[in-house]
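J.: what follows is a predicted protein model with its sequence.
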Amino acid sequence: MQEGEQNYNNTKGLDKGFFIYLFIFVLIVIVAWVTVFDTTPEDNKFRQLFSTEEIENDEAAELRAHVRENLLIMNKMLLIESPTRLEQEEFLRLSTETLAAAEEAVSINPENSKNWEVLSELYIVLSMTGIEGAAERAVSAREKAESLKVPSNI
C-alpha cells in the first residue's frame with residue numbers, strides 16, 4: 001500500500017467515527033426534546049411545573065410577590081444588631097404594609113394555599129421579633145395552607 005492510500009484510509013476511519021458520534025448526539029437531543037416538550041400535557045411534567053395558566057388566573061399573585069419582596073427586606077433588617085430608631089420605624093411600617101397585603105391575598109382567594117403560605121411566612125418573621133401570638137398564627141396559617149394543597153403526582 002502506498003502512502004497516499006494509507007492517509008485516505010485513516011481519514012475515512014475518522015469520518016466514520018465522527019458520524020457515529022454525531023448520530024448519537026442528534027439522537028440524544030431528539031429524545032430529550034420529545035421528553036421535555038411532549039405534546040400531551042398530562043404526561044409532560046416539565047410543562048406542568050412551569051405553567052403560567054395558574055398565574056394568569058390568580059388575582060392575588062401580585063400581592064404575594066409584594067409580600068415576599070417585603071419579607072426579604074424585613075429579614076435583612078432583622079440582621080442589624082443595633083437598629084436605629086429610623087430602622088425600627090421602617091421595620092414597623094413594612095410589617096404593617098406586608099400584613100395588610102398578605103391578609104388581602106387571603107381575602108381575595110382563601111382557597112389558594114399559596115396565599116396562606118405567605119401569611120405564615122410573615123408571621124414567622126414577626127415571631128422572631130417577639131410579637132406575642134405570631135408563632136401560633138404562623139402554625140395556623142401553615143396548617144391551613146397544607147390542608148388546601150392538592151396532592152401532586154410530580
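T.: Received the coordinates, thanks.

J.: okay, CA-based contacts and neighbour counts for the rest of this
T.: Noted.

J.: pretty sure Arg142 contacts Lys114?
T.: No - between Arg142 and Lys114 there is no contact under CA atoms under 8 Å: 9.7 Å.

J.: where are the low-confidence patches of the protein?
T.: For the chain, the stretches flagged by pLDDT under 70 are 1-18, 22, 25-27, 29-57, 150-154.

J.: and stretch 130-141, what's buried?
T.: 134-135, 137-138, 140-141 (16 or more other CA atoms under 10 Å).

J.: ok, and what's touching that stretch?
T.: 116-117, 119-124, 126-127 (CA atoms under 8 Å, 6 or more residues apart in numbering).

J.: ok, 10 Å please
T.: The contact list for stretch 130-141 (CA atoms under 10 Å, 6 or more residues apart in numbering) reads 113, 115-128, 142-147.

J.: now, of those residues, which are buried?
T.: Those of these that meet the buried threshold are 113, 115-127, 142, 144-145, by 16+ other CA under 10 Å.

J.: shared neighbours of Arg142 and Lys114, which are they?
T.: Common neighbours of Arg142 and Lys114 (CA under 10 Å, 6+ apart) are 120, 148.

J.: just the strands in this structure please.
T.: In the chain, no strands are defined using DSSP state E.

J.: now do the domain split for it, please.
T.: The record assigns the chain these domain ranges, following automatic domain parsing: 3-49, 59-148.
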